[in-house]
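**Student:** here's a sequence, model it:
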Amino acid sequence: MGASEHLSLSPSRVAALPMVEAVRAIAQGPLADQADAIDRGQYPRDILQRLGAAGAFAAHLGPAADFAAAVRASAEVSAVCGATGFMVWCQQVCGFYLEQGSSPTLAGELLSLHRTGA
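**Tutor:** Numbers count the residues shown, from 1 in each chain. Sure, this is the predicted structure:
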């Protein structure tokens with residue numbers, strides 16, 4: 001992304017850039033190293049936990065929701081491993097349902113854990 005593109009981004013999108021960069025580093029590093037094994041059936045629990053800790057499951061949640069950042073995170077992962085990209089999308093949708101539901105239990109502690117990949 002060039003300097004002029006950074007200037008045209010809204011403050012919430014600029015704040016999301018570190019998350020997307022962290023997701024990209026995970027995708028191009030440890031995920032790329034495990035992509036073949038994942039395609040053969042290995043579940044990427046550690047990768048998903050790292051992605052959650054980086055914010056990939058929370059960008060679109062809360063009052064400062066940034067759906068574009070969530071999509072960019074999914075795209076970064078999917079570019080390296082489609083299976084893991086799909087799992088990221090599933091985690092993002094699950095978080096959205098937890099947040100939008102009417103259960104205080106689901107929208108409270110469970111959502112807090114989910115957002116961080118715990």
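**Student:** hey, let's count contacts and neighbours off CA atoms from now on
**Tutor:** Fine.
**Student:** C-terminal to the helix or strand harbouring Val71, what's the next element?
**Tutor:** For Val71, the host element (DSSP states H and E) is helix 67-80. Counting by DSSP H and E, the next helix or strand C-terminal to helix 67-80 is helix 82-100.
**Student:** what's the angle from that following helix to helix 67-80?
**Tutor:** 160 degrees (axes from the mean of the first three to the mean of the last three C-alpha atoms, to 10 degrees).
**Student:** what distance separates helix 82-100 from the centre of its chain?
**Tutor:** 8 Å (C-alpha atoms, centre = their mean, to the nearest Å).
**Student:** can you check stretch 67-74 too?
**Tutor:** Counting by C-alpha atoms, centre = their mean, stretch 67-74 comes out at 7 Å from the chain centroid.
**Student:** buried ones in it?
**Tutor:** Residues of stretch 67-74 classed as buried: 69-74 (neighbour count, 16 or more other C-alpha atoms under 10 Å).
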